[in-house]
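[1] got a predicted model here, sequence first, then my questions.
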Amino acid sequence: MNVVIIDDESLARGRIKRLLLINNDITVLGEADNGAQALTLINQTQPDLVFLDVDMPTLNGLEVAGLLNKLSMPPAIIFVTAHPEHALDALQLSAAGYLVKPVTQSSLNKALEQVGRLNKAHMQKQQSTKISYQLGGTLKSVELDNVLYFNAQEKYTNMVFNDGEALIEVSLKQLEQLYPTQLLRIHRNTLVNKSKLLALHTPSAGVHSVELTGCAQQLTVSRRELKAVKNILN
């Protein structure tokens with residue numbers, strides 16, 4: 001299990017890290033001492049579990065958790081705090097566990113056992129991410145895994161999937177925030193499903209485009225997003 005530790009107190013981070021050392025199945029990917037750094041670190045490392053201090057300046061742990069829960073596949077969260085009165089708020093944010101400082105080996109082990117029990121059900125739930133849309137007055141949905149790309153169309157977003165396409169009222173920016181691990185921006189007007197990326201083409205005219213699995217049309221890649229596309233394909 002890959003974890004990150006977020007706490008504005010270095011001693012508290014160090015204590016959790018030492019207690020985790022006895023578990024060979026756990027790897028600490030990194031640490032951060034504030035909410036802003038936490039979001040960047042989590043986005044970069046994609047951990048399975050986050051140890052998250054509640055009381056931090058500027059952006060506290062509860063606010064960080066609220067943002068993480070908007071992700072398509074959020075990490076499990078164990079809150080850590082010296083103030084047990086925050087427990088109810090933590091539970092409302094679907095926390096996997098809650099530790100009161102100073103953290104003991106016993107309380108940490110119990111929290112990790114709880115995460116292990118939740119993990120299978122959590123992953124099964126997340127494996128089926130669906131996006132809803134209206135068609136002829138009927139509410140339908142499509143699995144995100146079946147979506148090829150999203151294209152901005154004035155006030156709406158056109159969603160193109162394996163069996164057709166539909167207009168939805170969710171902006172590209174909102175889709176990026178909701179599904180950062182699945183979607184990639186290739187142009188200011190276009191997001192593609194990373195899993196569908198097949199090849200990058202550069203004709204003699206110098207206009208870059210991508211080929212997607214199951215999509216007959218090649219999609220234009222802007223110069224600004226070219227590096228990100230190459231990183232994914234490499």
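    That came through, no problem. Numbering: from 1, shown residues only.
[2] quick check, central residue of this protein?
    residue 71 (4.2 Å; Cα atoms, centre = their mean).
[3] is the nearest residue to it once chain neighbours are set aside in a helix, a strand, or coil?
    Spatial nearest neighbour of residue 71, chain neighbours left out: residue 180 (6.4 Å); criterion: Cβ to Cβ, 6 or more residues apart in numbering. Placement of C-beta: from N, CA and C, glycine included. Here residue 180 is coil, with the state taken from DSSP: H, G, I helix; E, B strand; the rest coil.
[4] residue 180 contacts residue 68, doesn't it?
    No - applying Cβ atoms under 8 Å, one finds residue 180 not in contact with residue 68, separated by 10.8 Å.
[5] ok, the two, which is more surrounded?
    Just comparing residue 180 and residue 68: by other Cβ atoms under 10 Å the higher neighbour count belongs to residue 68, 19 against 15.
[6] re earlier: ok, now how distant is the residue nearest to the centre of the chain from residue 65?
    Distance, residue 71 to residue 65, using Cβ to Cβ, to the nearest Å: 11 Å.
[7] where do the helices sit along the protein?
    10-20, 35-45, 61-68, 87-92, 105-126, 172-178, 226-233 (DSSP state H).
[8] centre of the chain to stretch 58-76, how far?
    In terms of Cα atoms, centre = their mean, to the nearest Å, the centre of stretch 58-76 is found 9 Å from the chain centre.
[9] also stretch 152-171?
    The answer for stretch 152-171 is 22 Å, by Cα atoms, centre = their mean.
[10] so which residues make contact with that stretch?
    Residues outside stretch 152-171 that contact it (Cβ atoms under 8 Å, 6 or more residues apart in numbering): 131-135, 140, 142, 146-151, 172, 175, 178, 188-190, 214-215.
[11] what is the least confident helix or strand in this protein?
    Every helix and strand in the chain was compared by mean pLDDT, DSSP states H and E; the lowest is helix 87-92, with a mean of 61.
[12] show me the shaky parts of this protein.
    For the chain, the stretches with pLDDT under 70 are 72, 86-94, 117-128, 204.
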